[in-house]
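J.: kindly return the folded structure for what I paste below:
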Amino acid sequence: MSRGFRGGAGFARPENALKRADELENVGQKLSALQQLHDVVTSKKHRTWSKTYEEIMFKLIDLCVEMKKRNHAKEALMQYRNMCQQVNINSLEEVIKYYLNKATEKAEEARQQAEAKTLDAVEDLEEDAKPEDLMLSYVSGDKSRDRTDRELVTPWFRFLWESYRSVLEILRTNPKLEALYAMVACRAFGFCLTYKRNAEFRRLCDILRQHLANMTKYREQRDITQPESLNLFLETRFEQLKTACELQMWAEAFRSVEDIQALIALGKRQPKQQMMATYYSRLTQIFAVSQAYLYHAYAWLKLFNFSRSYNKNLTASDQQMMATSVVLATLSILPYERALFGRTDDLSHEQEKERTIRMANILGFTVDKRADYKSILTRSALVSSINSMNLLALVPPEVRATYELLTSEFNPLELCKKLDPLLASLQHIASPMSAASPVKDLNMEQYIPSLKQVAVLRALKQLNEVYSTMHISELAGLVPFMGFGDVEAVVVDAVKYEYLQLRVDHRNGTLHFGSQQLEGDKIRNHMALLAKRLAKAAAMIDPTPPAAVEQTRTAALQLCRENVAKEHSRLLARKQVIEKRKEQAEALMMEQEREEERKRLQVQQVAQVSILYFTPLFRVARAQCMHRHRTFGSAHQMLTRSGLAVSSCSLVADRNFILLLKW
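T.: As a prediction, the model looks like this:
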């Protein structure tokens, strides 16, 4: 190093530092060149932005990336941000893009070199592995590709990931850099998606979530509810949701959905229509994977309504497929609810209520917390919506027949047999979606297992109303698409949650419907139903009632008309009497309370006066008593020494002293 070098801060002009860095790089002193440029950028002398500093930053970034000096790049970018954030934001954007592009290029080059090295290591494709390679793989536990990736690819991927983290940390504080912050976050999502970096994606989501929490906490310093800012944050979260679904990280996708809902509630305005269509389409994927068919069906219903209302380019085929998805998703819902975590205590009910309200908010429903949570999202409400919206007119005939079998028809002996060919045809009814559709492809086969389970439950429920005992072989013949082992698993789950009353007797090979504790209810219901149907049959046989019965009925109706006003007046008078008695009882109770309070205050006042009056007297009497006692003691000692008799004096003094104490 030359004698005149005093660090980058010693240059009066930054152009000289840039020339000196080029000279040092040409002679192989890249670390010195980097340190010199770093000193220039971080120097307190150079605070005014100029085009030369942009060139210095480009040169500094080249050196930092080449030597993997992430900390130098971070410090230089922080100083450059402070230098140009008030003057030229575009320059900072260009520098950051250049930095990320260079890091990405190096990572991609390392990956290509690793692939080429792995392929070049194999001299003959028909030759087996060498003994030393086999021994090394068994000892280290790694294959040749893994070792190559760890040596070449992993360091550059780590550098690229740390670069994204550093840039996000630099840009998060300035409101003017929100657009650049969103761009870098989206590029980071692309990095995680391209290279399947699930762990880094999870950390990236946590970082963005923490940044947003800090901005919300200090809202008086930075208002993120402005339309431009909120739109940028929403676009970033939608990109996060898309990346999570494509990486099949469904837990992180659901957390992204909650982040979007929090931002919507914060801004109190709905995002763009295209964003909401993407939102509901992703919800259908998340709930389908989690097999939450109730929420999955509601997501499809919201997506169908939203697309039909706002998407004018939606074709008839798209509407038919989306309506088909709504109907099949609704039919896939079990006719009973499973308890949360298998518990039925108060705590589980409260948790279930909170979950239902949260899911309703996620699906875009306004919920009254005082309402019954079990009536917010239900299968019956979905069926009513399908009928009211006339969705069955849009679906294919196979789906319409399936809907009729699973909702309205009563045919337990033929239900599953009729449904079997219909389920087989569902695999081929899906048609390609157009470019205007928010959903690109549909998978109708995912509903078939749940539809089979629902069909078995419906058949068993109908058999329960007709049969009391059935052979297992007969039931197995009624369900052609499912073995009895699977049917028994369905029965156990339904009995567990009290949807069916059924007992399987494997010794005798029979099924027993109903339970002993419900026989009385069954008989009562059957008798009531029998009475209604007999009355209906009698009316059909002889629709004209006898004259005496008609006269009695007319007289009863006339008596009701005459007495209805009088009875109404009597009930009103009785209500007034009850209200008056209530008021009298309340007044009497208040009077008693006031009297008790008055007596208590009087006793307390007397006690306070007594204490104030007798305390001084007692103190004076006590002092006099003590004085006399001391006087008497001194006189007694003097008489004793002189030999005089003191018995009489002692008796008198003791008696006076006792009387004084009593007083």
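J.: what about the stretch 251-400 of the chain, any weak spots by pLDDT?
T.: Applying pLDDT under 70 to the stretch 251-400 of the chain flags the ranges 339-346, 369-373.
J.: now the helices for it?
T.: Under the criterion DSSP state H, counting those that start in this stretch, the stretch 251-400 of the chain contains helices at 273-289, 293-310, 316-331, 346-362, 379-389, 397-407.
J.: buried ones in the longest one?
T.: Of the residues in helix 293-310, those with enough neighbours to count as buried (16 or more other CB atoms under 10 Å) are 293-308. (Each C-beta comes from the backbone N, C-alpha and C, glycine too.)
J.: now the angle from it to helix 346-362?
T.: Helix 293-310 and helix 346-362 are oriented at 20 degrees to each other (axes from the mean of the first three to the mean of the last three CA atoms, to 10 degrees).
J.: which residues are contacting helix 293-310?
T.: Outside helix 293-310, the residues that touch it by CB atoms under 8 Å, 6 or more residues apart in numbering are 273, 276-277, 280-281, 283-284, 287-288, 314, 318-319, 322-323, 325-326, 329-330, 332-334, 359, 363-364, 377-379, 382, 385, 391, 437-439, 450.
J.: buried ones among these?
T.: 276-277, 280-281, 283-284, 287-288, 314, 318-319, 322-323, 325-326, 329-330, 332-334, 359, 363-364, 377, 379, 382, 385, 391, 437-439, 450.
J.: related to what we said a few turns ago, could you export the helices of the stretch 251-400 of the chain as CSV, including distance to residue 585?
T.: Conversion of the helices of the stretch 251-400 of the chain to CSV gives the following (distance: least, CB to CB, whole Å):
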stretch, distance to residue 585
helix 273-289, 57
helix 293-310, 51
helix 316-331, 56
helix 346-362, 35
helix 379-389, 46
helix 397-407, 56
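J.: residue 462: which of those helices is closest?
T.: helix 397-407 (11.2 Å; CB to CB).
J.: just checking, what packs against the closest one?
T.: Where contact means 3 or more CB pairs under 8 Å, 6 or more residues apart in numbering; DSSP states H and E, helix 397-407 is packed against helix 316-331, helix 415-425, helix 448-466.
J.: of the ones you listed, flag the one that's most buried.
T.: Neighbour counts (mean count of other CB atoms under 10 Å) averaged over each of those peak at helix 316-331, with a mean of 22.
J.: quick one: contacts of it?
T.: 284, 293, 296-297, 300-301, 303-304, 307-308, 379, 382-383, 386, 391-392, 394-396, 399, 402-403, 406-407, 426, 429-431, 433-434, 436-437, 439, 442, 444, 447, 451, 454.
J.: how about it as CSV, C-alpha atoms only?
T.: Output of helix 316-331 as CSV, limited to C-alpha atoms (Å, rounded to 0.1, in the frame of the first residue of the first chain):
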residue,chain,number,x,y,z
ALA,A,316,-70.9,-20.4,-19.4
SER,A,317,-68.6,-23.4,-19.1
ASP,A,318,-66.7,-21.7,-16.3
GLN,A,319,-70.0,-21.0,-14.5
GLN,A,320,-71.1,-24.6,-14.9
MET,A,321,-67.9,-26.0,-13.4
MET,A,322,-67.9,-23.5,-10.5
ALA,A,323,-71.5,-24.3,-9.7
THR,A,324,-70.7,-28.0,-9.9
SER,A,325,-67.9,-27.4,-7.4
VAL,A,326,-70.3,-25.6,-5.0
VAL,A,327,-72.8,-28.4,-5.2
LEU,A,328,-70.3,-31.3,-4.7
ALA,A,329,-68.5,-29.4,-1.9
THR,A,330,-71.8,-29.0,-0.1
LEU,A,331,-72.8,-32.6,-0.6
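J.: between it and helix 293-310, how big is the angle?
T.: 160 degrees.
J.: which stretches of the stretch 401-550 of the chain have low pLDDT?
T.: 515-526, 545-546.
J.: what segments of it are strands?
T.: Per DSSP state E, counting those that start in this stretch, the stretch 401-550 of the chain carries strands over the ranges 469-471, 502-505, 510-513.
J.: need the winner for burial among those.
T.: Note that of those, strand 510-513 is the most buried (mean count of other CB under 10 Å), with a mean of 18.
J.: partners of that one, with directions?
T.: Sheet pairing here is set by DSSP bridges, and for strand 510-513 it gives strand 469-471 (antiparallel), strand 502-505 (antiparallel).
J.: distance to residue 265 for these - can I get that in a markdown table?
T.: What follows is the strands paired with strand 510-513, written out as a markdown table (distance: least, CB to CB, whole Å):
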| stretch | distance to residue 265 |
| --- | --- |
| strand 469-471 | 54 |
| strand 502-505 | 46 |
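J.: out of those strands, nearest to residue 39?
T.: strand 502-505 (82.5 Å).
J.: convert the closest one to PDB, retaining C-alpha atoms only.
T.: Provided in PDB are the C-alpha atoms of strand 502-505 (Å, rounded to 0.1, in the frame of the first residue of the first chain):
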ATOM      1  CA  LEU A 502     -76.400 -48.700  15.800                       C
ATOM      2  CA  ARG A 503     -74.800 -51.800  17.300                       C
ATOM      3  CA  VAL A 504     -72.700 -54.400  15.300                       C
ATOM      4  CA  ASP A 505     -72.900 -58.000  16.500                       C
END
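J.: which one of the strands of the stretch 401-550 of the chain lies nearest to residue 114?
T.: It's strand 502-505; of these, that one is closest to residue 114 (CB to CB) at 59.1 Å.
J.: now tell me what touches that closest one from outside.
T.: With contact meaning CB under 8 Å, 6+ apart, strand 502-505 is reached by 460, 464, 472, 488, 491, 494, 495, 511, 512, 513, 515.
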